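Enquirer: Fold the following.
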Amino acid sequence: MQIVFMNRLCRRSGVDGENFAQLWIGEEEGQWRLGWRDFSGEEETGDSLWYEGGSWNEMLCVYRHELAVKMGDGYRPLIDGVFHDDDNLSSRSQEQLKLQYYSEQYGNEAIFEELCSWRRGKASSERKAPYILASNRLLRMISAFLPRTEEELLQLPGVGEGKVSQYGADWLSITAAAEREHDFPLSWVNHAIDEESFVSWHYKQKELKYKKQLERLRLRRVLLQGIEEGQGMEQLRVLSGVSRREVLEVVEELEKDGYSAEKLIALELSEVSPEEQNNIWTAYELIGDNFLKPVLYKAYGDNFVPADGLDLYYERLRLIRIRFRREHPAALGIVTPQ
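Expert: Got it, this is the predicted structure:
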């Protein structure tokens, strides 16, 4: 086996002790191997094989995820740049991450719960998804820094003039009653946090990010294999363990990346009449393919309310949209939820 990459890492243990480890990537006849080796002094104390297989992309995802776990536990590389990605954060990004870290450690839980309650009520009254109104990250920051004015709200990452005009008064009415220990601007945060704890937290965030990437990559592989074997939507749902909607979202991704899902499309549309398929296709030609709801009512009529619900019909729209986008690549757009 040829070693193509190796790095040594160190973690402080106790007052004076240090633990060392070695991270390596090897290749032999198109097969990749990825491993971690622990050392105690000059002796090897443990060897773990993280990956063995033929996919460079999957190996790289495993590498980044497992390395983030180790760095979250305190290991640091002797040579920087170990993630093989754009790991250089701007000073502004660093500041925003530190605000997020502080808010997660020192947020006012009572205020956070009140903000979450406000979000549930507002989402219901405006018929919007809660995350569109405000993310958990933003509500955490509001609960930690307790802004008193619109100008202070605007100093929080993720808050713009639009959000302030829509919801600022509501947020400020919630934070007004809480006592706060620090004022704005928030430059004091940089000195209020422990740098090593922040760095470990940052790598924990990377761990979650790379875990999602790895899960997505493996889901794509499972679906590609299932499609090639001639499985339908319900079989793919059971095989992958995700919803039919998520199966379709990944199928759309695969098509964008140059893979073919035609076997699945042909199978799922085999019992849909040519007339119905033609109506959907014509609707896409007339009004475009970015929004599904207008296409649905153009194809089926304004008063279309099937007894068994609309999910099956939206699936048909999305499957036919894949074919439509193959023939009209200029129309390829962002997948928009119905």
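Enquirer: got a list of what the closest residue to Ser135 other than its chain neighbours touches?
Expert: In space, and not counting its chain neighbours, Ser135 is closest to Gly158: 6.8 Å by CB to CB, 6 or more residues apart in numbering. All C-beta atoms are positioned from the backbone trio N, CA, C, and that covers glycine. Listed by CB atoms under 8 Å, 6 or more residues apart in numbering, the contact set of Gly158 reads Ser135, Arg137, Leu138, Met141.
Enquirer: Return a selection command, for use in PyMOL, containing the buried ones of these.
Expert: In PyMOL syntax, the buried subset of the contacts of Gly158 is picked out as below (16 or more other CB atoms under 10 Å):
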select buried, resi 138+141
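Enquirer: Please identify the buried residues of the worst-scoring helix or strand of the chain on mean pLDDT?
Expert: Every helix and strand in the chain was compared by mean pLDDT, DSSP states H and E; the lowest is strand 43-53, with a mean of 81. Residues of strand 43-53 classed as buried by neighbour count (16+ other CB under 10 Å): Trp50, Tyr51.
Enquirer: If you count contacts, what does that strand end up packed against?
Expert: strand 31-40, helix 56-72 (3 or more CB pairs under 8 Å, 6 or more residues apart in numbering; DSSP states H and E).
Enquirer: which of those is buried the deepest?
Expert: Among the helices and strands packed on strand 43-53, ranked by average contacts under mean count of other CB atoms under 10 Å, first place goes to helix 56-72 (a mean of 20).
Enquirer: What angle do strand 31-40 and it make with each other?
Expert: 20 degrees (axes from the mean of the first three to the mean of the last three CA atoms, to 10 degrees).
Enquirer: just checking, what packs against helix 56-72?
Expert: Identification of packing neighbours for helix 56-72 by 3+ CB pairs under 8 Å, 6+ apart yields strand 17-28, strand 31-40, strand 43-53, helix 195-228.
Enquirer: Show the subsequent helix or strand relative to that helix.
Expert: Of the helices and strands lying after helix 56-72 in sequence (DSSP states H and E), the nearest is strand 76-77.
Enquirer: outside of that following strand, which residues touch it?
Expert: Outside of strand 76-77, the residues that reach it under the criterion CB under 8 Å, 6+ apart are Asn7, Arg8, Leu9, Cys10, Arg11, Leu23, Met71.
Enquirer: May I have the residues that are in contact with the fifth one?
Expert: If a contact means CB under 8 Å, 6+ apart, then Arg11 has Glu18, Asn19, Phe20, Ala21, Asp73, Gly74, Tyr75, Arg76 as its contacts.
Enquirer: Now for the residues you listed, which sits with the most neighbours around it?
Expert: In terms of neighbour count, Tyr75 stands highest of the contacts of Arg11 at 22 neighbours, by other CB atoms under 10 Å.
Enquirer: if I look at it, how far off is Arg37?
Expert: Relative to Arg37, Tyr75 is positioned 12 Å away (criterion: CB to CB, to the nearest Å).
Enquirer: Are there residues contacting both of these two? Which ones?
Expert: With CB under 8 Å, 6+ apart applied, the overlap between the contact sets of Tyr75 and Arg37 consists of Ala21.
Enquirer: Show residues contacting stretch 236-250.
Expert: For stretch 236-250, using CB under 8 Å, 6+ apart, the contacting residues are 216, 219-220, 222-223, 226-227, 231, 233-234, 264, 311, 315, 318-319, 335.
Enquirer: returning to that earlier point: could you tell me which of the contacts of strand 76-77 belong to helices?
Expert: Taking DSSP state H as the definition of helices, these contribute Met71.
Enquirer: Narrow the contacts of strand 76-77 to those that are buried.
Expert: Asn7, Leu9, Leu23, Met71.
Enquirer: Quick check: the residue nearest to the last one when sequence neighbours are not counted vs Ile3, distance?
Expert: Setting aside the residues directly before and after it, Met71 is nearest to Tyr203 in space (CB to CB, 6+ apart), at 4.1 Å. Look at Tyr203 and Ile3: by CB to CB, they are 25 Å apart.
Enquirer: Who has more neighbours out of the two?
Expert: Neighbour count, other CB under 10 Å: between Tyr203 and Ile3, Tyr203 has more, with 20 against 11.
Enquirer: could you list every residue that touches that one?
Expert: Applying CB under 8 Å, 6+ apart to Tyr203 gives the contacts Ala68, Met71, Gly72.
Enquirer: State the pLDDT value of the second one.
Expert: So the one you mean is Met71. Note for Met71: predicted pLDDT of 89.
Enquirer: Is the residue lying closest to Leu312 once chain neighbours are set aside in a helix, a strand, or coil?
Expert: Distance criterion CB to CB, 6+ apart; nearest residue to Leu312, sequence neighbours excluded, is Pro306 at 7.9 Å. Per DSSP: H, G, I helix; E, B strand; the rest coil, the secondary structure class of Pro306 is coil.
Enquirer: residues near Pro306, how many?
Expert: By other CB under 10 Å, 10 other residues sit near Pro306.
Enquirer: What are the boundaries of the helices in the stretch 201-338 of the chain?
Expert: Ranges of helices in the stretch 201-338 of the chain, per DSSP state H, counting those that start in this stretch, are 233-240, 244-256, 262-268, 274-287, 292-300, 311-327.
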